[in-house]
Each structure stands twice: as C-alpha cells, then as structure tokens.
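A.B. asks: Provided below are the primary sequence and the corresponding predicted coordinates.
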Amino acid sequence: MCSSAGSARNAARRIEMLVCCAFVLAAMSFPQLANGQGGVAFTQQRPFVIGFVPVVGAGGAVGGVSIDARGVVARSDVDQAQRLRDARQRALQEIAGDLQAPSEMRKISLRGLAAAIEQRVKAGLPATDELQNLAGLTRIEFVFVFPERGDIVLAGPAEGWQVNNQGCVVGIKSGLPVLQLDDFVVALRAARQQPASGELITCSIDPTKEGLARFTRMLKSRDLQVNEATVARLEEAVGPQQVTLTGVPPSTHFAQVLVAADFLMKRLAMNFEPAPIDGLPSYMEMLQDDAAPMPKNAMPRWWMAPRYEPLLKDEEGLAWQLRGPGVQTLTEEGFLGRGGAIVARKAQENSLAKKWADAMTANYEALANEMPIFAELRNCMDLAVVAALLVKEDLPARAGCDLGMLLEDKRIAVAEYPVPKTIDSRASLIRKEGRWVISVSGGVELDSWAVLDHTETRADLADVRVKASAAKENRWWWD
C-alpha cells in the first residue's frame, strides 16, 4: 500500500511465473455501540488538546477508512461511517453567519490564531469549530508576511462547513474537506524538525520479508491454479502487512490521511472498488485489454507525491503564492529476487503502470471531488509546503510573529487516533499469456522542501499583499 522514499525505491520483484495480485485491506466490522457512546470529544486536559476525537466503535475513521484499537486498517462499513457522521453532526456548533458565505480569498492571521487559542486555554475552554476548521479554508493559495504588524497571513478559498456521509468536515458548497488546525500544527512541528532529522513525511505499508519468502515458494508450485482457493492461499502466505510512518506522529489525523489515501488508491488501481469518475479504469481492467502488452516486470508500485508549479514570490520575499494541483501519482516496476528481496526498476514511459499513474494524476481533481480523502491529502500537502516555507525562509522571525505556542507539544497537543500498524493482505489474480502479475506496495512521499527549490519572482504580488492587509479589529480571520 504505502511506502517511504527509501522503501519506495525497493518495491518489486521478479518471479519465474509473473503474477498479477494486489494486496489491500479487508473490511472489518465493529461491535455495536451502547446508546450514548457515539460522540466527538474535544479532550479538556493538560496540555490543551486540539482536533476532533471520534468516539465510535473500537477506533476512529478517516475518509472512509477505519483503524481499530489493534491498529488494523480496513475499509469502513456503511454502518460505522453513518455512526461517525451522526456523532460529528451532533457535535457541530452553529456557524456564524459571515463564515457561512463562500469567499474566494479568506485571510487567516497566524498571530491572531495563536492569540485566539491562548484565550481559550486561559479560559479553560475547548477549541471552537471555527478554530479547528481554520475558518473554512479549503486550500492555501497565498502566504503574506507583514513585519509592520508582526504577522503572517494565510489566504485561500473558504466556505461554511458540514459533515459528509463519511464523517469528514467539508465545505457546504464545494463538498471539499476544510483544512484542519491539528494538521497545520503537525506540519509546523514536522518542518521544524526536518532540517536536523533529514526525515521526510512518508507512509509505507509493505509485506514482511518472511511473508514474501513464503509467497515466493508458493509461486513455484506447479499445481497453482487461478481460483478462490489459490487467492486465499496467497493471502495467507503473505500475511499481515506492516505500516510504517515517518516525519509525523502515527497517531495524528495527518498520518491517518496518508494511510487512508494510499489505501484507497490501491483499491482503485487493483479494481477492489470502481472509480466514481469516468476516465480512470483500474490497472487490472487495463491489463485485461487484448491490446495491452504483458508487463515484463510484474510488480508495479504506485505512490503519491507533491505536484506544484514553481512558487511565486514578490521581490522582497513577503508575498508567496502556491500554484498547481498539489498531488501526482508516480510509479515504478520491479521484480522479485531471491529470498523475497524486492528489486526496483524505473517504469517505462509506455508501460501500463505508468499509464495508470498518469490517468490518476490527470483525473485527480475530479477524483478528489468524489472521494474527499484525496482532497484531504492535498490539504496536508499544502500545509506541509507552507510549513516548510515558514521554516526555510524564517518568516516568523522576519515578521516578528511568535508561533512558539503552536510548536510546544507540552502546551498544545493534537488529538490522538489509533496507531495504524497492519493491514490484512488481499489478492486479486489475473492470468495472461501464461503468466501472472502481483503488486504488493505503494506509498505517499511528501518532500515539501523540494517544492521550495523552484521559485519565480513576480512583482505584482506585492500589490496582492497590500490588499490582503485590511484586517478587522478583534478578529483572527477576514474576507
């Protein structure tokens, strides 16, 4: 499913008989709740906690994917998703009238945001929905620095919010997920640590070496047939796959988004569920086309990564603009070596794996509109790029804007979810030209710092910054 940059480059294997098998998560059901157990808790403890804590079943759910108390990742069932939606809907506070209206450019003062949180902390009150949902922002398009006011301002489209059928907080008009305060805090802390640690934000879900060794031995069996019994044996041979997350705490909502998005990408690729849009057939469907060539290496791997055009900035570096779709899907192919070792190879331009990756990239916007988890991933990438920009350019120091409170986990803690640990392997088989194909890994690799390597200067951004400075008194956001 998911893979880090390192393991991302080690993803595929040669086998004498090529197999087409994708391993993804099996859906789990959760025990019924007693009355009153459903709810969303803003934990009122020391340190001050921000973020939605779903109290539904044995664990939480993000974007239609659940992670139970044991750390097992699975597709949420309809009943669980409905209970999560109902719980969050009951917990929603009434939205102020001026927040309801869509805005092409809503501005958020980071100095004001920190002050508003500090006020809630001193009053012994939990975070408001207005704070948690960052005033309804659905993307970050601009970052403005105001040294004369000691402030940094984030700006982008925004609207009022509601809870969708999967329990995700989305815009009332667009249906796109709104950015979350706890994701921003996680991104800030990750960016602060990255220069010293060198650790990228990544997600990896891979079979174990022992599982792959068992799988390799099984493939050499001469009596292997394409049937349900073979599928079950393959799944049992591989066993549970291990989840690895780097760069962000695995118990955070940010981490859950990485896992859920990659999991659903693999389900779409391997035809475990159909894409809800036109123009994105599964890899398995593409492979079955009579005109499609049989891949030479039978273990394609896909992962999602940032995709931005060069950042724009003004001449003084006080106004910055993010451009581009935010996310792309990449691929590589490989083969299974001795003892289950994976050897990776760059995918050929005309390979089916590359064509599927390109199709997902081209259709990402439409897919994100129908499956909000992919828009949530884009939100996390926006936040990670903005956080890296703040750190690399030392914008808080340039602005005289103190964000220390948001960086101190002893003062501000983010809500914790069950830690994703394993997924149950699931196989899908196709035989073509006397050979089989298998895919066992994928990933999310978020190198936000690389995005900052490409910038262009545009003088008129200075005027955009000036127009954005008309803040309202006693308010941390304005239109």
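C.D. replies: Noted; the coordinates are in hand. Predicted model, so just to flag it, every value in this text is computed and none were measured. Numbers count the residues shown, from 1 in each chain.

A.B. asks: now Asp183: closest residue in space, sequence neighbours ignored.
C.D. replies: Nearest residue to Asp183 in three dimensions, chain neighbours excluded: Phe254, at 4.9 Å (Cβ to Cβ, 6 or more residues apart in numbering). Every C-beta, even on glycine, is put in place using the N, C-alpha and C of the backbone.

A.B. asks: so the one you found is in contact with Cys380, correct?
C.D. replies: Yes. Using Cβ atoms under 8 Å, Phe254 is in contact with Cys380, at 5.6 Å.

A.B. asks: overlap of the contact sets of the two?
C.D. replies: Shared contacts of Phe254 and Cys380 (Cβ atoms under 8 Å, 6 or more residues apart in numbering): Asp183, Ala187.

A.B. asks: so which residues of the stretch 201-350 of the chain form helices?
C.D. replies: In the stretch 201-350 of the chain, the helices defined using DSSP state H, counting those that start in this stretch lie at 209-219, 228-238, 253-269, 283-288.

A.B. asks: give the buried residues for the last one.
C.D. replies: The neighbour-count check on helix 283-288 (16 or more other Cβ atoms under 10 Å) flags Tyr283, Met284, Met286, Leu287 as buried.

A.B. asks: point out where the stretch 301-450 of the chain drops to low pLDDT.
C.D. replies: The model of the stretch 301-450 of the chain has pLDDT under 70 over residues 333-350, 428-442.

A.B. asks: what of the stretch 51-200 of the chain?
C.D. replies: Using pLDDT under 70, the flagged stretches of the stretch 51-200 of the chain are 53-61, 63, 77-82, 85.

A.B. asks: quick one, the lengthiest helix in the chain and helix 253-269 angle?
C.D. replies: Using DSSP state H to define each element, the chain has its longest helix at helix 372-392. Angle, helix 372-392 to helix 253-269, by axes from the mean of the first three to the mean of the last three Cα atoms, to 10 degrees: 140 degrees.

A.B. asks: from here on, count from 57
C.D. replies: That works, and once the first residue is 57, the last one we named lands at helix 428-448.

A.B. asks: next secondary structure after helix 428-448?
C.D. replies: Toward the C-terminal end, the helix or strand that comes next after helix 428-448 (DSSP states H and E) is helix 451-455.

A.B. asks: from the chain's centroid, how far away is that next one?
C.D. replies: 28 Å (Cα atoms, centre = their mean, to the nearest Å).

A.B. asks: for it, name the packing helices and strands.
C.D. replies: strand 198-202, strand 207-214 (3 or more Cβ pairs under 8 Å, 6 or more residues apart in numbering; DSSP states H and E).

A.B. asks: make a markdown table out of the ones you listed and add mean neighbour count.
C.D. replies: Shown next, in a markdown table, are the helices and strands packed on helix 451-455 (neighbours: other Cβ atoms under 10 Å):
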| stretch | mean neighbour count |
| --- | --- |
| strand 198-202 | 23 |
| strand 207-214 | 24 |
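
A.B. asks: Throw those into CSV and include distance to Val383, thanks.
C.D. replies: Converted to CSV, the helices and strands packed on helix 451-455 look like this (distance: least, Cβ to Cβ, whole Å):
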stretch, distance to Val383
strand 198-202, 19
strand 207-214, 16
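
A.B. asks: picking up where we left off before, of all the helices of the stretch 257-406 of the chain, which one comes closest to Gln222?
C.D. replies: Comparing the helices of the stretch 257-406 of the chain against Gln222 with Cβ to Cβ, the closest turns out to be helix 309-325 (9.9 Å).

A.B. asks: may I have that closest one as CSV, with CA atoms only?
C.D. replies: The C-alpha trace of helix 309-325 is given here as CSV (Å, rounded to 0.1, in the frame of the first residue of the first chain):
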residue,chain,number,x,y,z
HIS,A,309,-5.0,12.8,11.8
PHE,A,310,-2.3,13.9,9.4
ALA,A,311,-0.9,10.4,9.4
GLN,A,312,-4.3,8.8,9.1
VAL,A,313,-4.9,10.8,5.9
LEU,A,314,-1.7,9.5,4.4
VAL,A,315,-2.6,5.9,5.1
ALA,A,316,-6.3,6.2,4.1
ALA,A,317,-5.5,7.9,0.8
ASP,A,318,-2.9,5.4,-0.3
PHE,A,319,-5.1,2.5,0.8
LEU,A,320,-7.9,3.8,-1.4
MET,A,321,-5.6,4.5,-4.3
LYS,A,322,-4.5,0.8,-4.3
ARG,A,323,-8.2,-0.3,-4.1
LEU,A,324,-8.9,1.7,-7.2
ALA,A,325,-5.8,0.5,-9.1
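
A.B. asks: please work out the average pLDDT along it.
C.D. replies: Throughout helix 309-325, pLDDT has a mean value of 91.

A.B. asks: how far away from the center of its chain is that helix?
C.D. replies: That offset, for helix 309-325, works out to 6 Å (Cα atoms, centre = their mean).

A.B. asks: likewise for stretch 444-459?
C.D. replies: Worked out by Cα atoms, centre = their mean, stretch 444-459 lies 25 Å from the chain centre.

A.B. asks: would you list every one of the strands in the stretch 257-406 of the chain?
C.D. replies: Secondary structure of the stretch 257-406 of the chain (DSSP state E, counting those that start in this stretch): strands located at 257-262, 297-302, 357-363, 367-369, 375-377, 382-392, 398-402.

A.B. asks: which one, of those, ends up nearest to Thr511?
C.D. replies: That would be, of those and by Cβ to Cβ, strand 367-369, which comes in at 4.7 Å.

A.B. asks: list the contacts of that closest one.
C.D. replies: 375-379, 445, 507-508, 510-514, 517.

A.B. asks: one step back: dump the helices of the stretch 257-406 of the chain into a markdown table; add distance to Val475 as well.
C.D. replies: Below are the helices of the stretch 257-406 of the chain laid out as a markdown table (distance: least, Cβ to Cβ, whole Å):
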| stretch | distance to Val475 |
| --- | --- |
| helix 265-275 | 21 |
| helix 284-294 | 22 |
| helix 309-325 | 8 |
| helix 339-344 | 30 |
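
A.B. asks: I'd like to know which of those helices lies nearest to Arg482.
C.D. replies: helix 284-294 (5.9 Å).

A.B. asks: so how far is that closest one off the chain centroid?
C.D. replies: The mean C-alpha position of helix 284-294 is separated from the chain mean by 30 Å, Cα atoms, centre = their mean.

A.B. asks: dump that helix to PDB, restricted to CA.
C.D. replies: Provided in PDB are the C-alpha atoms of helix 284-294 (Å, rounded to 0.1, in the frame of the first residue of the first chain):
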ATOM      1  CA  GLU A 284     -10.700 -18.700  -5.000                       C
ATOM      2  CA  ALA A 285      -8.600 -21.300  -3.100                       C
ATOM      3  CA  THR A 286      -5.400 -20.000  -4.600                       C
ATOM      4  CA  VAL A 287      -6.300 -16.400  -3.700                       C
ATOM      5  CA  ALA A 288      -6.900 -17.500  -0.100                       C
ATOM      6  CA  ARG A 289      -3.600 -19.300   0.000                       C
ATOM      7  CA  LEU A 290      -1.700 -16.300  -1.400                       C
ATOM      8  CA  GLU A 291      -3.300 -14.000   1.100                       C
ATOM      9  CA  GLU A 292      -2.400 -16.400   4.000                       C
ATOM     10  CA  ALA A 293       1.200 -16.800   2.700                       C
ATOM     11  CA  VAL A 294       1.900 -13.000   2.600                       C
END
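
A.B. asks: buried residues, it. List them.
C.D. replies: Here helix 284-294 shows Thr286, Arg289, Leu290, Glu291, Ala293, Val294 as buried, counting by 16+ other Cβ under 10 Å.
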